[in-house]
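[1] Next come a sequence and a model predicted from it.
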Amino acid sequence: MSAPSTPSLPAASAPGRTLAAWWQALPLTTVFVLFFLIPLALVLMVSFWDYNQYEMLPGFTFKNYLAVFDGCLSRNESGDLCVTLKTYLSTFKFCLLVWALTLVIGFTVSYFLAFHVKSSGMQVVLFVLCTIPFWTSNVIRMIAWVPLLGRNGLVNDFLVGYGMVDQPIEWLLFSNFSVALAFVHLFTTFMIVPIFNSMMRIDRSLLEAAADSGATAWQTLWNVIVPLCRTGIIIGSIFVITIVMGDFVTIGVMGGQQIASVGKIIQVQTSYLQFPLAAANAVVLLAIVLMIIWALTRMVDIRKEL
């Protein structure tokens, strides 16, 4: 009879591996705590402080949050909404518009790169071309639109010169149109990257099976490609929505300081040294953005893409 086999002992190095894993996570954890959790805690703390024209007064008060939502429970005498609600509606309008445009453009570009460009080398070249805007500052890219869209810019000169319009078009610059155009120009790449990554992971045999089953190109796109790209779409949507919700530079430059947004209000309050009020607005904005992210992440398991 053969000798009974002895049960294998757990590896002696298991505690060592666990300790090594903690050491590997320590740098990222330190950065996360120092540059996210601690600043966030400070903003939350300051939002409950009082202030005057010269200084912040440490304490605990809900005055700043009451000021944020002042008049929002009922309409004023003229029937208008409160400033906070109107500002959030304006911000959501830009957010929804930019999200829709970047999604359409990002999905189209990603689809072309993933399924119509056969050479992997050419895919890399074209993908790098999509990232060229990131080689310069956002401010430089925004200012580049001014000589194009201004009253005496190249677009108006072309339209007036060829008789397409009688006088320069005023709404091309410092308007909702120019703000949305700049947003799409700046942030479309944030939608292209995750969607392209999802498309490159799709098993091409699924597309062949759909074609063999008699599915049209549109049916294959809608029933096969779009569901398999849902994770990339959600990740890109999170990128675009979170950036647009808190942006104030683009709206300030391309809107001519005439268009309100939540980020712009926070920036103005900070410039007037109203730090507790700005902190309260920032906490409210953060809560709304986190709720949007939570709702989006309920749709897919983002860990599959990471």
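    Right, received. Where do you want to start? Please read all numbers here as calculations on a predicted model, not as lab measurements. Residues are numbered from 1 along each chain as shown.

[2] any low-confidence regions in the stretch 151-300 of the chain?
    Residues of the stretch 151-300 of the chain meeting the criterion pLDDT under 70: none.

[3] which stretches of it form helices?
    154-161, 176-200, 204-212, 217-220, 226-228, 230-246, 249-254, 262-271, 275-297 (DSSP state H, counting those that start in this stretch).

[4] mind listing what's buried in the longest helix anywhere in the chain?
    In the chain, taking DSSP state H as the definition, the longest helix is helix 83-115. For helix 83-115, burial by neighbour count (16 or more other C-beta atoms under 10 Å) applies to 84, 87-88, 90-92, 94-95, 97-99, 101-103, 106-107, 109-111, 113-114. (C-beta placed from N, C-alpha, C; glycine too.)

[5] From the centroid of this protein, which residue is nearest?
    The residue lying closest to the centre of the chain (C-alpha atoms, centre = their mean) is Val240, at 2.3 Å.

[6] From Tyr162, how far off is that residue?
    35 Å (C-beta to C-beta, to the nearest Å).

[7] do Pro147 as well
    19 Å.

[8] which ones are touching Met299?
    Arg230, Ile234 (C-beta atoms under 8 Å, 6 or more residues apart in numbering).

[9] on that earlier part again, and the residue nearest to the centre of the chain, what is it in contact with?
    Counted by C-beta under 8 Å, 6+ apart, Val240 has contacts Val98, Trp99, Thr102, Phe187, Phe190, Met191.

[10] try 10 Å this time
    Residues near Val240 by C-beta atoms under 10 Å, 6 or more residues apart in numbering: 95, 98-103, 106, 183-184, 186-188, 190-191.

[11] ok, now Pro168?
    Pro168 touches Gly150, Arg151, Asn152, Gly153, Val155, Asn156, Asp157, Leu159, Val160, counting by C-beta under 10 Å, 6+ apart.

[12] what about the third one, how many neighbours?
    The local packing count at Asn152 equals 9, with neighbours defined by other C-beta atoms under 10 Å.

[13] Quick check: closest non-adjacent residue to it.
    Pro168 (7.2 Å; C-beta to C-beta, 6 or more residues apart in numbering).
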